[in-house]
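Enquirer: sequence first, predicted model second:
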Amino acid sequence: MMEASADSLDPAPAESEEPADGSANNMATDGGEGPAPGDPRRGRVWQWTGIALAMLVAAAGVGGAMYKVPYVALVPGSARDTEPLVEVEGLEAFPSEGELLLTTVRVRQRPNLWEYLWLKADGDTDIVAEEDILGGRSPQENREFNLQLMTDSKSIAIAVALQELGYDSIRSNGVVIAELVEGGAAEQVLTLGDTVTAIDGVGVTTTSELIDILGAAAPGDEITLTIESFDPSGADVAARDVMVVLGSKPDDDDAAFLGVGPTDRVDLEDNFDFVVDIDSGSVGGPSAGLAFTLAVLDELTPGELTGGATVAVTGTIDVSGRVGNVGGVAQKTAAVRDLGADVFLVPAGLGEAEIDRLVDRAGDDLKIIPVETLDDALEALASLGGEVVAVEEFAASNLS
């Protein structure tokens, strides 16, 4: 199409016959560069050339706008206070002045070519392959999957908070695969949403158990995972066994590496005379687990858990209180930095290099604090002047 347009706009060819007045000699004297200055044909050449170039540019612009690249752009999302999302019935609640911010990443799926190039140059944006986000699912299936992860994350977060307050609230019955690491051993045999219920015939009910079993293995070991697939309809699925040869951790050749981001699948003990719920709206994914746990603790205990500061939080939470890695932390850092937050609690498992990157992105006014567990997070809040002792006193009264 572009070639046809160019051909149709080519300037008229020069005369092939020599003029009788010898003007051919004059043209040769001018270097054979076309019509001489003042010749009206010279203006027509530039006019047609300009039109041709304009049409080529327009065609390229339209084509670039219509072409969708098979990538996903992760851009800074939003940060909102979690405590107004916590709903409590049957227990006294204690609203706080400080803020515990839930952080999100905005996903721009299949940007056009020009958007892709613009976003590629944005220091706060990461471009990843579409397959790394969808994991073989359609966009709708991926949406349903992430909403289910959010539902599970809220259940775990509430259960962990109640456990911290002295209630017997948690029963975990498997480990959900919430992330597959590119190039990891599990990438070719597992799917996001699969639940591991056993390794080599030994039951696995929590993330901590899975980590302990893998910690005793070595790179090159072959293990058998018992898996239940995710079904968005909620129907029961038959378990299956898959074989996996463990790789090595990127930063430790001697440590076994499955290449998954795990989170617990739990049943909650809900035989209480009160109700705690979280309204997460349309937000999906498991990365608000730690934020929700801290929000429930703050809502159910007197005083300011944040010490009155604005604290952003990201990271999954498992039933043992371990904080897990999440994606898009660089974009979340940019969002909370621009919002003016004081502190950002992030998973320590991100690694030293990534945390250094976050510190650089945070600037001088946002403090990055890596945490491995809920206890680490509470200790960090205590260092800010947060009234963490209120959590301990609540738990002591329940256990007495």
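Expert: Right, received. Where do you want to start?
Enquirer: T151 in helix, strand or coil?
Expert: Following DSSP: H, G, I helix; E, B strand; the rest coil, T151 is assigned to helix.
Enquirer: tally of neighbours for it?
Expert: Residues contacting T151 under the criterion other C-beta atoms under 10 Å number 14. Where you see a C-beta, it was placed from the backbone N, CA and C, and this is true even at glycine.
Enquirer: count the neighbours of D279 for me.
Expert: Count around D279 with other C-beta under 10 Å applied: 9.
Enquirer: residue contacts, the nearest residue to it once chain neighbours are set aside?
Expert: Among residues not flanking D279 along the chain, L85 sits closest, at 5.0 Å (C-beta to C-beta, 6 or more residues apart in numbering). Contact analysis of L85 by C-beta atoms under 8 Å, 6 or more residues apart in numbering lists 102, 278-281, 292, 295.
Enquirer: only the buried subset of the residues you listed, as a PyMOL command please.
Expert: Isolation of the buried members of the contacts of L85 (16 or more other C-beta atoms under 10 Å) is achieved in PyMOL through the command below:
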select buried, resi 102+278+280+292+295
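Enquirer: if we can go back for a sec, state the distance from the residue nearest to D279 to A295.
Expert: Going from L85 to A295 by C-beta to C-beta, to the nearest Å gives 7 Å.
Enquirer: okay, and the common contacts of those two?
Expert: By C-beta under 8 Å, 6+ apart, L85 and A295 have these common neighbours: I278.
Enquirer: gap between W118 and A73?
Expert: 9 Å.
Enquirer: which parts of the stretch 201-350 of the chain are helices?
Expert: 207-215, 289-300, 329-339 (DSSP state H, counting those that start in this stretch).
Enquirer: okay, those helices, which one's buried deepest?
Expert: Stretch with highest mean neighbour count among these: helix 289-300 (a mean of 28; mean count of other C-beta atoms under 10 Å).
Enquirer: so what does that one touch, helix or strand wise?
Expert: Other elements packing on helix 289-300 under the criterion 3 or more C-beta pairs under 8 Å, 6 or more residues apart in numbering; DSSP states H and E are strand 86-89, strand 99-109, helix 139-164, strand 275-278, strand 310-313, strand 316-317, strand 323-324, helix 374-383.
Enquirer: restricting to C-alpha, output that helix in CSV.
Expert: Output in CSV follows, covering the C-alpha atoms of helix 289-300 (Å, rounded to 0.1, in the frame of the first residue of the first chain):
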residue,chain,number,x,y,z
GLY,A,289,-1.9,-10.0,52.0
LEU,A,290,0.4,-8.3,54.4
ALA,A,291,-1.4,-4.9,54.1
PHE,A,292,-4.7,-6.6,54.9
THR,A,293,-3.3,-8.4,57.9
LEU,A,294,-1.8,-5.2,59.3
ALA,A,295,-5.1,-3.3,58.6
VAL,A,296,-7.2,-5.9,60.5
LEU,A,297,-4.7,-5.7,63.4
ASP,A,298,-4.9,-1.9,63.5
GLU,A,299,-8.7,-1.9,63.2
LEU,A,300,-9.2,-4.4,66.1
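Enquirer: E99 contacts V311, correct?
Expert: Yes. Between E99 and V311 there is a contact under C-beta atoms under 8 Å: 6.9 Å.
Enquirer: looking at W118 and A73, which one has more neighbours?
Expert: The residue with more neighbours, out of W118 and A73, is A73; 22 against 13, by other C-beta under 10 Å.
Enquirer: surely the more buried one touches D124?
Expert: No. The criterion here is C-beta under 8 Å, and A73 misses it with D124 at 10.6 Å.
Enquirer: in stretch 229-245, what's buried?
Expert: Within stretch 229-245, the residues that count as buried by 16+ other C-beta under 10 Å are 230, 244.
Enquirer: now the end-to-end length of it.
Expert: 20 Å (C-alpha to C-alpha, to the nearest Å).
Enquirer: how far is it from where the chain is centred?
Expert: A distance of 24 Å separates the centroid of the chain from that of stretch 229-245, by C-alpha atoms, centre = their mean, to the nearest Å.
Enquirer: hmm, who's touching it?
Expert: Applying C-beta under 8 Å, 6+ apart, the contact partners of stretch 229-245 are 141, 144-145, 148, 176, 185-186, 189-195, 197, 220-228, 258.
Enquirer: for the closest residue to V371 other than its chain neighbours, grab the count of nearby residues.
Expert: Leaving aside its chain neighbours, V371 sits nearest to A377 (4.6 Å; criterion: C-beta to C-beta, 6+ apart). A377 has 26 neighbours, counted by other C-beta under 10 Å.
Enquirer: distance of A377 relative to K68?
Expert: 40 Å.
Enquirer: check G285 too.
Expert: 23 Å.
Enquirer: the two: which is more packed in?
Expert: Taking neighbours as other C-beta under 10 Å, G285 and K68 compare with G285 leading, 21 against 14.
Enquirer: how much space separates that one from D375?
Expert: Counting by C-beta to C-beta, the separation of G285 from D375 is 24 Å.
Enquirer: cool, and G328?
Expert: G328 is 25 Å from D375, by C-beta to C-beta.
Enquirer: which one's more surrounded, those two?
Expert: Legend: neighbour count by other C-beta under 10 Å for G328 and D375, higher for G328 (22 against 13).
Enquirer: just to revisit the earlier point, pull out the buried residues from the contacts of stretch 229-245.
Expert: Applying 16+ other C-beta under 10 Å to those flags 141, 144-145, 148, 176, 185-186, 190-195, 197, 223, 225-228, 258 as buried.
Enquirer: among those residues, which are located in strands?
Expert: 176, 195, 197, 223, 225-228 (DSSP state E).
Enquirer: from the residues you listed, which two are the most distant?
Expert: Greatest spatial distance in these: V176 and I223, 18.0 Å, computed using C-beta to C-beta.
Enquirer: secondary structure class for A390?
Expert: helix.
Enquirer: for it, which non-adjacent residue is closest in space?
Expert: T301 is the one closest to A390 (C-beta to C-beta, 6+ apart), at 4.0 Å.
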